[in-house]
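# have a look; sequence and predicted model below, questions after that.
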Amino acid sequence: MKRDLPALTSKKYELVVVGGGIFGVCAAWDAALRGLSTVILERGDFCQATSANHFKVVHGGIRYIQHLDFYRVRESSRERNILLRIAPHLVQPLPIVIPTYGHGLTGKEILRAGFALYDIMTLDRNSGIGDPERQIPSARFLSRKKVLSLFPGLEEKGLTGGAVFCDGQMYNPTRLAISFLRSAVNAGAEAANYVSVEDLLFKENRLCGVKARDILSDSKFEVRGKMVLNTAGPWAHRILNKSLGLELNPKPVFSRDLAFVVNRPPISRYGLAFSTKTKDVDSVLDRGGRHLFALPWRGVTLIGVWHKVFERVPEEISVSETELQTFVNEVNESCPYLNLRTQDISMVNTGLTLFGDEDHQGSSQMSFGKRSRLIDHGSEHDLEGLITLIGVRATTAQGMAEKAIDLVLKRLGKHGGKSRTSVSPIYGGSISHFEKYVESASKANSSIDAGIMRCLVHNYGSQYQRVLNYIDEDPSLAEPLNGSSVIKAEVVHAVREEMAQKLSDVVFRRTDVGTAAMPGEDALTSCANLMAVEKGWKQGQIEAELAEVRKAYPPFNKKY
C-alpha cells in the first residue's frame with residue numbers, strides 16, 4: 001500500500017470509490033477481484049469514522065426475531081458466517097447471557113420459543129466453518145445458580161436463570177478494514193488516504209471522475225473514472241448536494257451511536273445483556289425495553305449501545321461529560337452491580353449510522369435503521385456514472401458491496417463474473433484452525449512473548465511474518481512499546497506497508513496500542529519517535545501529532 005498521488009492522475013479507472021470506511025474497502029476489494037481497474041479515495045484515514053467506532057459486534061440477526069423481520073435474520077446470519085470464514089483472525093464467536101425473570105415476556109418461555117425459531121431459520125449458520133471452536137452453537141439455558149456464578153451481584157429477585165446465545169465479535173474493527181483494503185490492493189486496486197473529494201466531474205451529462213484535494217499538501221488534482229461509487233457514509237448525501245444540488249428522498253437520518261470502553265477486566269468470558277427503559281418501537285414481541293450489553297473485549301469491558309438522532313454536520317460529532325454521566329447512571333440503574341463511574345471510561349466510541357426516526361429529542365421510543373441504501377442515480381436521477389451506497393451495519397458491508405459492484409458492472413456493460421469475496425479469505429485469513437495456528441506460530445517464534453504473538457496473529461493473521469521480518473533488519477524492533485502488547489516493528493510496518501501518515505493512524509487504526517485506553521506517555525512518545533525517523537518529522541511535528549492523539553481520550557482518564 002503506497003500513497004502515490006501523481007500515479008492516480010495518469011490513467012482512467014473503471015471505478016472510483018469515494019469513502020474508505022468498511023463499505024468502501026469491501027467494494028474496492030470486490031471490484032478488483034472482478035477485474036475492474038479501481039481506486040479508492042478517503043478524506044481522512046481509512047476506517048477513521050464510524051467503521052472504527054462501533055460496538056465491534058458481528059450481528060447474527062437474533063434481535064430481528066423480535067421485529068419479525070425475517071429477511072434481516074437471514075441476511076445477518078449469512079454475513080456473520082462469511083466473516084467467520086474469511087477473517088478467522090479478526091472475527092470470533094462471543095457467548096452472551098440474557099438473564100430471565102419470572103415467567104412472562106421476560107422469562108425463559110418466550111426466549112425459548114424465539115431461539116427455537118432462530119435456530120430453524122439459521123440452520124446453515126456454520127456452513128463451511130471447519131473449526132468447531134469458531135462455530136455458532138444453538139442457544140442454551142442456564143440455571144439461576146449458574147447465572148449468579150457467572151455474574152455475582154446480579155439482581156436476584158425474580159431471577160429464574162438465563163439464556164446463552166452466540167454472536168460474533170471483531171478483535172479489532174480497524175484491522176478488519178485494513179485487511180479488506182490490503183486484499184483490494186493485492187488484487188490490483190489503488191488507494192489513497194487523506195484525499196478529499198471536492199467535486200464531481202461531468203462530461204456530456206455523465207460522471208467521468210472527481211476533483212480531489214490532498215489534505216496533507218493542499219494540492220488539487222483530478223481522478224478520472226467511468227463510474228463513481230459514493231460510499232462516504234454520513235458525508236455521502238453532502239457530496240451529492242454540494243456537487244449536484246441533489247437531495248435524497250427520503251433524506252437520510254443518522255444516529256450518533258455510542259459505546260464506551262471500561263478499563264477494568266471483564267467479569268466473565270460471557271457478555272451480559274440487561275434491559276433499559278428505552279423502547280424499541282419496531283419490536284412486535286416486546287420483552288420490556290431495549291437491551292444494553294456489557295461485553296468482554298481484549299481484557300477490558302465494552303458497554304453500549306446508545307442511539308441519538310444527530311442533525312449537525314458529521315465533523316461536529318461529540319459526547320459531553322454530562323451525557324456520559326447520564327449513560328453511566330442508566331447502566332447503574334439497569335444493572336447496579338456493574339457500579340460504574342465516569343472515571344472508569346477509558347475510550348469513547350461514537351459514529352454516525354443510518355437511523356429510522358425518533359418522535360422527539362429525548363424520546364424513549366426509537367425506531368432503528370433497517371436497510372442500507374443502494375441508489376442508482378442513472379435510473380433515479382438521470383445521472384449516469386454515479387451510484388451511492390450508504391450502509392447500516394458493518395456486518396453487512398461485504399454483502400452490500402457485492403450488490404453495489406453487480407450494479408457497477410451492469411452499468412458498464414461488463415461481465416465480471418460472480419463475486420468471490422464471500423469465499424475468499426481476506427489478507428491474513430488463510431487459517432483453518434485459529435488456536436492451532438497461534439500455538440504453531442508461538443513455537444516457531446519462541447523468542448517473542450506468547451501473548452504478543454497471539455496479538456500479532458490476531459491483527460495480521462497468516463501474514464504476521466511480514467511484521468517480524470523487520471526484526472531481522474533491526475533487532476531492537478522486537479521490543480514492545482512500554483506497557484503495550486505492540487512491538488516496535490508494527491509501527492515501522494504500518495508506515496512502510498500500510499500507508500500510515502499520522503501518529504493517530506498507527507495508535508488507533510494500524511495497531512492495538514491505543515484502541516482500548518490511553519497507553520501512557522512513554523508508549524506514545526516511543527511510537528511518535530519511530531514514525532519521525534520514517535517520515536522525517538521535526539520536533540514541532542512530533543508534538544503536534546502527540547497532541548492530536550491525546551485529545552482523542554476522555555479528559556478524565558488520561559495518563560500524562
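Happy to help now that I have it.

# phi, psi of the residue nearest to residue 7 when sequence neighbours are not counted?
The spatial neighbour of residue 7 that comes closest, neighbours along the chain excluded (CB to CB, 6 or more residues apart in numbering), is residue 190 at 7.1 Å. For every residue, glycine as well, the C-beta is placed using N, CA and C. Here the main-chain torsion angles of residue 190 (degrees, to the nearest 10) amount to phi -110, psi 150.

# now residue 190: how far from residue 49?
According to CB to CB, to the nearest Å, residue 190 and residue 49 sit 22 Å apart.

# go on, residue 444?
Using CB to CB, residue 444 is found at 37 Å from residue 49.

# between the two, who's got more neighbours?
residue 49 (23 against 11; other CB atoms under 10 Å).

# next one: the residue nearest to that one when sequence neighbours are not counted, what pLDDT does it get?
For residue 49, ignoring the flanking residues on the chain, the nearest one in space by CB to CB, 6+ apart is residue 351 at 5.5 Å. Looking at residue 351, its pLDDT stands at 96.

# my read is that residue 351 contacts residue 50, right?
Yes. Counting by CB atoms under 8 Å, residue 351 does reach residue 50; the two are 2.9 Å apart.

# for the helix or strand in which residue 25 is found, buried residues please.
Assigning secondary structure by DSSP states H and E places residue 25 in helix 22-33. For helix 22-33, burial by neighbour count (16 or more other CB atoms under 10 Å) applies to 22-33.

# what lines up beside the helix or strand that that helix is followed by in the sheet?
Scanning forward in sequence from helix 22-33 by DSSP H and E, the next helix or strand is strand 38-41. Partners of strand 38-41 in the sheet, by DSSP bridges, are strand 12-18 (parallel), strand 190-192 (parallel).

# between these, which one is nearest to residue 373?
In terms of CB to CB, the element of the strands paired with strand 38-41 nearest to residue 373 is strand 12-18, at 15.3 Å.

# next, the angle helix 22-33 makes with that closest one.
Interaxial angle, strand 12-18 versus helix 22-33 (axes from the mean of the first three to the mean of the last three CA atoms, to 10 degrees): 160 degrees.

# now do strand 12-18: distance to the chain's middle.
24 Å (CA atoms, centre = their mean, to the nearest Å).

# kindly report the same for stretch 130-149.
Distance, stretch centre to chain centre, for stretch 130-149: 25 Å (CA atoms, centre = their mean).

# now do stretch 142-158
Stretch 142-158 has its C-alpha centroid displaced from the chain centroid by 32 Å (CA atoms, centre = their mean).

# can you check stretch 495-503 too?
With CA atoms, centre = their mean, you get 19 Å for stretch 495-503.

# what lies in contact with that stretch?
When contacts are defined by CB atoms under 8 Å, 6 or more residues apart in numbering, stretch 495-503 is touched by residues 1-3, 45-46, 178, 182, 191-194, 216, 466, 494, 505-506, 509-510, 524, 527-528, 531, 534-535, 545-546, 548-549.

# can you rerun that using 7 Å?
For stretch 495-503, contacts defined as CB atoms under 7 Å, 6 or more residues apart in numbering pick out 1, 3, 178, 193-194, 216, 466, 494, 506, 510, 527-528, 531, 534-535, 545-546, 548-549.

# what subset of those is buried?
Among the contacts of stretch 495-503, those buried by neighbour count (16+ other CB under 10 Å) are 1, 3, 178, 193-194, 494, 506, 510, 527-528, 531, 535, 545-546, 549.

# what is the most widely separated pair among the residues you listed?
Taking CB to CB, the two most distant members of these are 1 and 546; they sit 24.4 Å apart.

# buried ones in the longest strand belonging to the chain?
Ranked by residue count and defined by DSSP state E, the top strand of the chain is strand 345-358. Buried residues in strand 345-358, defined by neighbour count with 16+ other CB under 10 Å: 345-356, 358.

# with adjacent residues omitted, what lies nearest to residue 202?
The shortest distance from residue 202 to any non-neighbouring residue, by CB to CB, 6+ apart, is to residue 208 (6.5 Å).

# what mean pLDDT does the stretch of helix or strand the one you found belongs to have?
Per DSSP H and E: residue 208 is located in strand 206-214. For strand 206-214, mean pLDDT rounds to 96.

# who does the helix or strand following it pair up with?
Counting by DSSP H and E, the next helix or strand C-terminal to strand 206-214 is strand 220-230. In the sheet, strand 220-230 lines up against strand 12-18 (parallel), strand 206-214 (antiparallel), strand 386-390 (parallel) (DSSP bridges).

# other SSEs contacting whichever helix or strand comes after the last one?
Right, the one you point to is strand 386-390. Downstream of strand 386-390, the first helix or strand assigned by DSSP H and E is helix 397-412. Secondary-structure packing of helix 397-412 (3 or more CB pairs under 7 Å, 6 or more residues apart in numbering; DSSP states H and E): helix 22-33, helix 70-86, strand 220-230, strand 373-376, strand 386-390.

# at 10 Å instead, please
Contact analysis of helix 397-412 by 3 or more CB pairs under 10 Å, 6 or more residues apart in numbering; DSSP states H and E lists strand 12-18, helix 22-33, helix 70-86, helix 173-186, strand 220-230, strand 373-376, helix 377-381, strand 386-390 as its packing neighbours.
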